[in-house]
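**Student:** take a look and give me a structure for this.
(one chain, ligands or ions: 2)
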Amino acid sequence: MGRRGLPATHLPPFSLNELAPCGISQFEDPLDFRLINTEDTISRLLSLIRDARDRVVLVSPYTTLAAEDRVGRALSEALARKVKVMLFVREDDQTQPRKDWLEALQPLLKAGLKLYGVPGLHAKLYLSESTALVTSLNLLASSFLNTIEVGLCSDEKEAVKQAEAFIQREILPHARQSSERAKKPPRSSPPATAWRTRTTGHCIRCAEEIALKADKPYCRDCYDEWADWGNPDYLDAFCHSCGVDHPSSMNKPLCRDCYRAQA
Ligand SMILES: [Zn+2]
Ligand SMILES: [Zn+2]
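**Tutor:** Ligands and ions are numbered 1, 2, ... in the order given. You can find the predicted model right below:
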């Protein structure tokens with residue numbers, strides 16, 4: 001591209017009027033679509049974490065998140081309030097989280113942050129039970145300083161529902177618990193054949209022991225909470241059958257091992 005060398009003044013002047021023929025002026029109804037810039041994206045992300053009462057899901061392929069960062073501090077506080085925090089990063093043969101980064105993340109992992117690796121992950125999405133933020137922003141220190149990012153943020157129930165469904169559909173099937181966490185033994189390891197003989201399971205939200213019924217994966221209290229929204233794709237924390245940490249939902253209450261054992 002020969003253009004790159006040209007001084008900025010040689011670029012044709014850009015006028016918003018040029019957009020009019022594309023139809024912008026035709027929209028009479030206020031559109032629920034407001035793009036936000038880097039600064040607003042960061043501040044919405046921080047509010048999303050600070051206001052979360054139940055969960056925070058961070059989808060950030062490239063991450064240098066550390067416990068002492070602004071975001072890291074907000075996450076520590078959220079974890080201290082018993083908010084569930086899940087972080088999805090890119091992890092495949094070409095892209096591995098760096099050792100020093102995993103070191104920096106240790107305090108958050110110890111505080112309960114769940115880390116998942118997803119091959120080929122390039123989407124960025126931040127979500128609480130009440131806010132969805134779709135953006136170009138990775139949780140990188142550099143993004144917070146000198147990159148130009150764009151974001152789209154919504155507190156609409158429908159937006160949150162869509163974001164959850166997206167994670168369920170596009171990301172979870174490829175997610176694996178990061179090797180760094182996998183060193184921690186699961187609370188009970190399921191023999192693959194146990195599904196048929198097992199009669200007790202676990203609430204997918206609080207892990208309490210309950211009857212094993214794939215269509216009733218919540219304990220009574222958690223079911224009442226869940227029923228406020230009734231979203232069958234809402235992500236909870238444990239496999240209904242074996243009780244290991246696993247992003248589970250009413251629709252998909254089992255970890256992959258238990259799912260396979262059942263089939
Ligand atoms: Zn429960
Ligand atoms: Zn399981």
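
**Student:** show me which residues of the protein sit near ligand 2.
**Tutor:** Neighbours of ligand 2 within the chain, by CB under 5 Å from the ion: 239, 241-242, 255, 258. C-betas here are computed from N, CA, C, even on glycine.

**Student:** what about those, which are in helices?
**Tutor:** Cross-referencing the residues of the chain next to ligand 2 against helices under DSSP state H gives Cys258.

**Student:** I'd like to know how many residues surround the closest residue to Gln162 other than its chain neighbours.
**Tutor:** Distances taken as CB to CB, 6 or more residues apart in numbering place Ala132 nearest to Gln162, at 7.3 Å, with adjacent residues excluded. Per other CB atoms under 10 Å, the neighbour tally for Ala132 reads 24.

**Student:** let me see the backbone angles for Ala132.
**Tutor:** phi -120, psi 130 (degrees, to the nearest 10).

**Student:** surely it is in contact with Lys157?
**Tutor:** No: contact criterion CB atoms under 8 Å: Ala132 and Lys157 do not qualify, at 9.8 Å.

**Student:** outside of the helix ranked longest in the chain, which residues touch it?
**Tutor:** In the chain, assigned by DSSP H, the helix with the most residues is helix 38-51. With contact meaning CB atoms under 8 Å, 6 or more residues apart in numbering, helix 38-51 is reached by 36, 56, 70-71, 74-75, 77-78, 126-128, 130-131, 133, 135, 137, 143-144, 147-151, 153.

**Student:** try stretch 242-251
**Tutor:** So stretch 242-251 is in contact with 86, 114, 116, 168, 172, 175, 177, 186-190, 194, 201-202, 204, 207, 217-218, 226, 231-240, 254-255, 257-258, going by CB under 8 Å, 6+ apart.

**Student:** picking that back up, state the mean pLDDT of the longest helix of the chain.
**Tutor:** For helix 38-51, mean pLDDT rounds to 96.

**Student:** stretch 168-176 now?
**Tutor:** Averaged across stretch 168-176, pLDDT comes to 87.

**Student:** what's the answer for stretch 219-233, then?
**Tutor:** 82.

**Student:** residues contacting Lys87?
**Tutor:** Check again: residue 87 is Leu, not Lys. Leu87 makes contacts with 58, 60, 63, 65, 113-116, as judged by CB under 8 Å, 6+ apart.

**Student:** what about Ala261, how many neighbours?
**Tutor:** Neighbours of Ala261 (other CB under 10 Å): 19.

**Student:** what helix or strand is it on?
**Tutor:** Assigned by DSSP states H and E, Ala261 belongs to helix 256-262.

**Student:** with Leu105 instead?
**Tutor:** Leu105 belongs to helix 99-110, assigned by DSSP H and E.

**Student:** packing partners for that helix?
**Tutor:** Identification of packing neighbours for helix 99-110 by 3 or more CB pairs under 8 Å, 6 or more residues apart in numbering; DSSP states H and E yields helix 70-80, helix 179-182.

**Student:** try 10 Å this time
**Tutor:** With contacts taken as 3 or more CB pairs under 10 Å, 6 or more residues apart in numbering; DSSP states H and E, helix 99-110 sits against helix 70-80, strand 84-90, strand 114-118, helix 179-182.

**Student:** list the buried residues of it.
**Tutor:** For helix 99-110, burial by neighbour count (16 or more other CB atoms under 10 Å) applies to 102, 104-105, 107-109.

**Student:** try stretch 119-134
**Tutor:** So, applying 16+ other CB under 10 Å, buried residues of stretch 119-134: 121, 123-134.

**Student:** just the ones in strands from those, please.
**Tutor:** Mapping the buried residues of stretch 119-134 onto strands (DSSP state E) picks out 125-128, 132-134.

**Student:** okay, and which of the contacts of stretch 242-251 map to strands?
**Tutor:** Per DSSP E, these map to strands at 86, 114, 116, 177, 201-202, 236-238.

**Student:** tell me the contacts of the nearest residue to His122 once chain neighbours are set aside?
**Tutor:** Residue nearest to His122 in three dimensions, not counting chain neighbours: Pro61, with 5.6 Å by CB to CB, 6+ apart. Applying CB atoms under 10 Å, 6 or more residues apart in numbering, one finds that Pro61 lies in contact with 88-91, 95, 118, 120-124, 138-140.

**Student:** okay then, goodbye and thanks.
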